[in-house]
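Undergrad: For reference, the sequence and a predicted model appear below.
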Amino acid sequence: MNKWIKFSTLCILFGVLAFSGCVEPVQYPQIVGEVPTAIIPTRYRIVGTSVQRRPIMCLELGAGSDVTVIMATIHGNEAAGTPLVRRLSWYLREHPELLSGRKVVLMAVANPDGMVNGTRYNAKGVDLNRNFEAANRINTKETGLLPLSEPEAVIIKRLIQEYKPDRIVSIHQPLNCIDYDGPARTLAEHMGKYCALPVKKLGARPGSLGSYAGETLGIPIITFEMTEADSKLNSVSLWQKYGRALLAAIVYPDMVR
């Protein structure tokens with residue numbers, strides 16, 4: 001077998017395991033690979049690396065024109081969303097009918113350095129959710145002296161530019177609500193039918209992803225604020241608590257059965 005094919009196959013397999021939480025991510029260059037399935041198109045990608053050179057993974061499921069982007073752990077100490085997103089990826093592959101006419105892009109860990117280091121910020125001490133080029137951003141050491149000064153924020157921006165999502169869900173803790181920016185009120189209310197989190201408009205934070213995507217770009221975006229106690233739950237319990245709400249975002253405006 002050609003050496004390059006062997007290398008590519010190994011890298012793709014490692015990416016699958018890393019996204020699934022089976023191995024510790026390590027430094028390696030960007031690789032794009034397709035993993036064929038008999039049912040739905042599935043693509044794992046390394047879309048970039050963090051400040052400390054940890055890979056940032058994406059999983060693309062489906063090939064439809066209606067696109068949902070769901071990400072977790074842009075704040076490294078709000079990590080309960082990561083196992084929830086991984087559980088979502090398993091569920092969608094087991095229920096391919098949900099992806100008819102749809103594409104779902106999942107980023108389980110948007111801030112891998114912060115997650116490993118147990119901090120809200122990235123490895124340079126910048127709050128990634130204040131680093132976007134929104135009209136209301138403020139330049140500080142904590143938010144970044146310039147918009148998009150951090151590689152992780154640039155990766156997210158490029159992802160949005162590439163996929164042009166119809167909606168975005170960013171999973172956070174611990175404010176216990178479904179917040180929204182841009183034209184996303186009805187989406188928030190739709191998701192709220194499937195979990196106990198109340199819909200609450202917190203207001204667009206300066207330089208946040210909500211401000212950038214929702215207010216600047218006009219993309220419906222949800223900030224899905226789970227509770228602090230959710231960090232103690234395993235992926236099965238998290239899925240039972242919030243899974244249907246995430247599915248509601250994907251199938252919106254249809255109902256979840």
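TA: All right, it came through fine.
Undergrad: ok, which stretches of the protein are helices?
TA: With helices called from DSSP state H, the chain shows them at 3-19, 81-94, 112-117, 151-163, 185-192, 209, 235-251.
Undergrad: Which one of these has the poorest average confidence?
TA: Comparing mean pLDDT over these, the weakest stretch is helix 3-19, at a mean of 44.
Undergrad: number of nearby residues for Val169?
TA: By other CB atoms under 10 Å, the residues close to Val169 number 29. Backbone N, C-alpha and C define where each C-beta goes, glycine included.
Undergrad: and what of Ser208?
TA: When neighbours are counted by other CB under 10 Å, Ser208 comes out with 28.
Undergrad: just for this structure, where's the confidence low?
TA: Within the chain, the stretches falling below the threshold (pLDDT under 70) are 1-38.
Undergrad: The spatially most central residue of it pairs with what?
TA: In the chain, the residue lying closest to the centroid (CA atoms, centre = their mean) is Met71, at 0.9 Å. Counting by DSSP bridges, Met71 is bridged to Met107, Ser170.
Undergrad: for it, what are its contacts?
TA: Gly81, Val85, Leu106, Met107, Ala108, Ala110, Ile156, Ile168, Val169, Ser170, Ile171 (CB atoms under 8 Å, 6 or more residues apart in numbering).
Undergrad: re the thing from before, quick check: which of the helices of the chain has the most neighbours on average?
TA: Sort these by mean neighbour count, taking mean count of other CB atoms under 10 Å, and helix 209 sits at the top with a mean of 27.
Undergrad: rewinding a little: okay if I get the helices of the chain as TSV plus distance to Asp127?
TA: Below are the helices of the chain laid out as TSV (distance: least, CB to CB, whole Å):
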stretch	distance to Asp127
helix 3-19	25
helix 81-94	17
helix 112-117	9
helix 151-163	10
helix 185-192	23
helix 209	11
helix 235-251	24
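Undergrad: Looking at those, which is nearest to Ile46?
TA: For the helices of the chain, the distance to Ile46 is smallest for helix 3-19, at 6.2 Å, taking CB to CB.
Undergrad: in stretch 210-228, what's buried?
TA: 210-217, 219-227 (16 or more other CB atoms under 10 Å).
Undergrad: from those residues, which ones fall inside strands?
TA: Ile221, Ile222, Thr223, Phe224, Glu225, Met226, Thr227 (DSSP state E).
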